[in-house]
Structures are given as structure tokens and as C-alpha cells.
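[1] From the sequence below, what's the structure:
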Amino acid sequence: MSGPLSHVTVLDLSRIMAGPWAGQILADLGADVIKVERPGVGDDTRSWGPPFLEDSEGKQTGCSGYFLSVNRGKRSVEIDLATADGQEKVRELVRSADIVLENFRSGTLTRYGLDYDQLISVKPDLIFCSITGFGQDGPKRDHAAYDFMIQAMGGLMSITGNPDDTPGGGPQKVGIPIVDIMTGMYAAVGVLAALARRDRTGQGDYLDLAMLDVQVGVLANQAMNHLISGQTPERRGNRHPNIQPQDVFPCSDGHLVLAVGNDGQFQRMCEALERSDLATDQRFSANAGRVEHVNELLAELRSTFATEPLAHWLAELESRSVPCGPINTVPMALKDEQVTHRRMVRTLEHPSIGSVPQVVSPLRFRKAELEFLDAPPLLGQHTNEVLDQKGISR
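    So this is what the prediction gives:
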């Protein structure tokens, strides 16, 4: 492996999305990620379908699209953590591991003798990351959690969707499991920070990561808007709360997303639309005024955009470096010429089920190029290989 983490071994005890997403990031970076799964069942997401991947003969393989999206580059080992033999195998695997990822309910691994405090007797400099819905302390520490409910509890759904008094109004979740993904991102950042510190001090660490903390943490400008104004952020549909014009505009044959970010871009947008009257209007010349008078401004823009097709406006705006774009479907996005050029979609070969399509990591290193060689594993595909390699009795 040529990735920057080719010297690192990760023991991935997690399942579903947040932990596996972190593990896949580390695998993409070159780490040897050993995924421990329940015998005969595996990660819950293996059965979260349809759709399921089909082999070259058109037979379902038991690998769902969900599972395939977060387990690339890992080695699957079947171990029953509820048994004494399984627990001992995990301890043996920990001896050669740098990082452990887990997302069991608080206290579960303690009962198995596999929590951080017990495993550091096996590996004193271990980096151990626990991912839960609410963290290892607090009144909700024992509660189960899924992405959808954390989007709701963490404030995201209160600012996502159209206002109540508009067609289709009401709270909405984001179309991907964004809290799981962001938690996985923070987990990867956290364990890599701990790894860097270990290189300097020789000490491992324990990372307690909560999905609710992550969601609150990424409220970003919306949280700060509230903290400095006392106002409750509202659902605004596609309107940006602080910068205008940023919205969706119907053209004569489709929809355009406009993302004007400063006054210079607004002036160039007015040129593209041949609306010099808007450029000189004192209500709109500065962003603060555009935010204050947003309803009047958007009404003017909608009437103008409706007069020409999408391609016309894209050409006019792009030629003046005004940020804009079409609303692509997922297939359209995956086939976008820029996405294709960057090789974000690739096909990996699997020894038993043929070709597996993958959306790969967006990270690009000049001196440690990432290699995407191994498709997401079949359940237990590497059990014998890993145990033999580590000198562990089967």
C-alpha cells in the first residue's frame, strides 16, 4: 500500500455507518483495517436493502448498497464477541493494532472485557475511539440513537425544509445520513490526532465521541446566529440566512441554483441578467441590504430567470464567474464531466463476485497517492488469513 497510513493497523469493531465510515477513511489512506463481524450475520447494514449487489450470473450476493458504501478496503473477520474464545481473539488482535473503533452501547464492551481500560493492559499505547449517540456520560448515555433522530434532536431538522406556511412546509431530514458521516469524519480526525500525539509522547488515548455532540457542533453559523442575536433560526427552504441572492430559480425549462457570495459577484450577475437597475438599486447594492430586502429582490430575479432556458443562464453566469449550477440527479452528478475527470467513480475487482462500483475518497496526495484495490469484503472473507497472519488459533 502506498497511502500515508500504510504503517497503521486498525481494529474496526463498529457497524452501521459512523464507525465504518471512519474505518473506510483510514483504509483509503492505506491503513490495514480489520473489520470484526458477528458470525453468520455480520454488520447490520449487509441486509439493509434492496438494492443488493448481484454477481456476474445475476445472483444476489447479500451485500447491500448501504454496506458497500462504507466498507471498502477492509478485511472481514468473523468473531463472536459474546464468547470467551471470541474475546480472547480480539485481545490478541489488539496486540498488533494501533487504533480500535467501536460503537456499542455504553458499557457493552466492559461486560465483554474489551473496553479501553481493560485493553490497555494488552496494548498500553492503544488509541481507542468509542462512538455512541450521546457519549459515555450524561442522562442519555444509555439511550440508543440513529442518524434520523439525532438530526431532529440536534436542531438540524428545525432549519431544514420550507417554512410551515409554504407548500410542502415542515421539518425535513437531510437526504443522506449526515450525522453518521460527520461523526465518522470527526472520528477519523480524532484518532489521527491521537496517533500524531503518540508519535511524540509514546502515549495512546481514549476518544469519547457522541453523535449529538457532533450535530450540535456542526450547526456552525446557524448556532452562532442564535447566540449573538437571541433569535431562533428558522426553516428558509433554499434561502441562505446571511448571504443573498442564494436560492433556486425556475428557468423556462428547468431550475438553476444561484450562490452569489459577495457584492462583486452580484454586480456581475446583474450584467449577465441585463438588469443594471438591480445593480444600482440602493436596497440591493450591498449584501446587508439584499438580506433585509430579500423578498423584493428574489421576486425580481424569478421574473427574469423565467424568461430563458437553463443553458442560457448557465452560460451567461459562468462566463462572468458567478457561482451557479443545475440541480443534478444522483446519476447526473456521478456522470458530471468534472466528477468523471477526477475519477471519483471507479470499479474494483472482487475475487468472488466480480466488479464492484465505488465512489472513492476525494483526498488527493501528490507524494502518497491513494490506491483503491480491495472491494468491500464478503462476510468472513479474511478470517483465516488474518488469524494465521497474527498467529492466533482458529
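[2] what's residue 101 sitting at in phi/psi?
    Dihedral pair for residue 101: phi -110, psi 130, per degrees, to the nearest 10.
[3] hey, where'd the helices end up in the stretch 51-200 of the chain?
    With DSSP state H, counting those that start in this stretch, the ranges of helices along the stretch 51-200 of the chain come out as 65-68, 84-95, 108-111, 116-119, 147-153, 178-201.
[4] how about those helices in JSON lines, adding distance to residue 267?
    Just so you know, the C-beta spots here come from the backbone N, C-alpha and C atoms, and that holds for glycine as well. Putting the helices of the stretch 51-200 of the chain into JSON lines (distance: least, CB to CB, whole Å) gives the following:
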{"stretch": "helix 65-68", "distance to residue 267": "45"}
{"stretch": "helix 84-95", "distance to residue 267": "60"}
{"stretch": "helix 108-111", "distance to residue 267": "59"}
{"stretch": "helix 116-119", "distance to residue 267": "57"}
{"stretch": "helix 147-153", "distance to residue 267": "38"}
{"stretch": "helix 178-201", "distance to residue 267": "34"}
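[5] Turn those into CSV, including mean pLDDT, distance to residue 380 and mean neighbour count.
    Below are these laid out as CSV (pLDDT from 0 to 100; distance: least, CB to CB, whole Å; neighbours: other CB atoms under 10 Å):
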stretch, mean pLDDT, distance to residue 380, mean neighbour count
helix 65-68, 95, 14, 21
helix 84-95, 98, 13, 17
helix 108-111, 95, 21, 16
helix 116-119, 98, 23, 17
helix 147-153, 97, 27, 19
helix 178-201, 98, 23, 19
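[6] For residue 38, which of these is the nearest?
    Among these, helix 84-95 comes nearest to residue 38, with 9.5 Å by CB to CB.
[7] Report all helices and strands that that closest one contacts.
    The contact analysis (3 or more CB pairs under 8 Å, 6 or more residues apart in numbering; DSSP states H and E) places helix 84-95 against strand 9-12, strand 32-37.
[8] How far away from the center of its chain is the first one?
    From the chain centre to the centre of strand 9-12 is a distance of 19 Å (CA atoms, centre = their mean, to the nearest Å).
[9] other SSEs contacting that strand?
    Applying 3+ CB pairs under 8 Å, 6+ apart, one finds that strand 9-12 contacts helix 18-28, strand 32-37, helix 84-95, strand 99-102.
[10] Distance from the last one to the middle of the chain?
    Mean C-alpha position of strand 99-102 versus that of the full chain (CA atoms, centre = their mean) differs by 18 Å.
[11] from here on, count from 837
    All set: I'll call the first residue 837, so the last point we hit is now strand 935-938.
[12] Point out the one among the helices and strands packed on helix 920-931 that comes closest to residue 1025.
    Distance to residue 1025, taken as CB to CB, is lowest for strand 845-848 among the helices and strands packed on helix 920-931, at 14.3 Å.
[13] Distance-wise, check the residue nearest the centre of the chain relative to residue 908.
    Centroid-nearest residue in the chain: residue 1017, 2.9 Å away (criterion: CA atoms, centre = their mean). According to CB to CB, to the nearest Å, residue 1017 stands 15 Å off from residue 908.
[14] Residue 1180 now?
    In terms of CB to CB, residue 1180 sits 13 Å off from residue 908.
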